[in-house]
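*Asks:* need coordinates for the below:
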Amino acid sequence: MTKQVPQIIQQGQRYMDSWPMQKQLYGLFPECRIIAATKFGFKVMPALAVLTVAVQLHFIGTSQLPQALTLGIFFLSLPVQGLLWLGFRSQKILPPAMKAWYQEIYQKMQQQGCALESQKREPRFQELAMLLRTAFSELDKAFTKHLF
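*Replies:* Residues are numbered from 1 along each chain as shown. The predicted model follows:
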């Protein structure tokens, strides 16, 4: 089951958009830090890449053009690497302990009357992201504080 790189990047983008950036989750999941770094990279890395290439060409000259371009491309690829990591992570099946936590949250949300999709037998991190997003948007702060 090989996937094309553009599909994995799209999955990473969807996962980044669906993951709730809540302070309660920062200590539990690396996604929050990866998403923050990726978003920062998309803002900063293009300018840094251009600046790096321009400075090298100005001070060293065109004799080092391949090295300057390579370094610029490296800086441009950093946010894409974040999306690749998120794309792979979104399709991973939850480990047993996290699966039990997913099911516990799902049950509590059903008891509160939340409209949820059917529960997956083998949930992935993408389903966890959607469940957590729903939990933070529909439930009150006291209930979510109890969950985390």
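*Asks:* which residues sit in contact with residue 57?
*Replies:* By Cβ atoms under 8 Å, 6 or more residues apart in numbering, the contact list for residue 57 reads 64-65, 68. The way it works is simple: take the backbone N, C-alpha and C, and place the C-beta from them, glycine included.
*Asks:* please identify which helix or strand holds it.
*Replies:* helix 31-59 (DSSP states H and E).
*Asks:* how far does that helix sit from its chain's centre?
*Replies:* 18 Å (Cα atoms, centre = their mean, to the nearest Å).
*Asks:* pLDDT of it, averaged?
*Replies:* For helix 31-59, the mean pLDDT works out to 96.
*Asks:* helices or strands up against the helix or strand hosting residue 106?
*Replies:* Using DSSP H and E, residue 106 falls within helix 96-111. With contacts defined as 3 or more Cβ pairs under 8 Å, 6 or more residues apart in numbering; DSSP states H and E, helix 96-111 has these neighbours: helix 125-138, helix 141-147.
*Asks:* got the buried residues for it?
*Replies:* Buried residues in helix 96-111, counted by 16 or more other Cβ atoms under 10 Å: 99, 102, 105-106, 109.
*Asks:* next, format those as TSV and append distance to residue 55 and pLDDT.
*Replies:* Below are those laid out as TSV (distance: Cβ to Cβ, whole Å; pLDDT from 0 to 100):
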residue	distance to residue 55	pLDDT
99	50	94
102	48	90
105	50	86
106	53	88
109	53	83
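*Asks:* and those, which is closest to residue 117?
*Replies:* Lowest distance from residue 117 to these (Cβ to Cβ) belongs to residue 106, with 9.8 Å.
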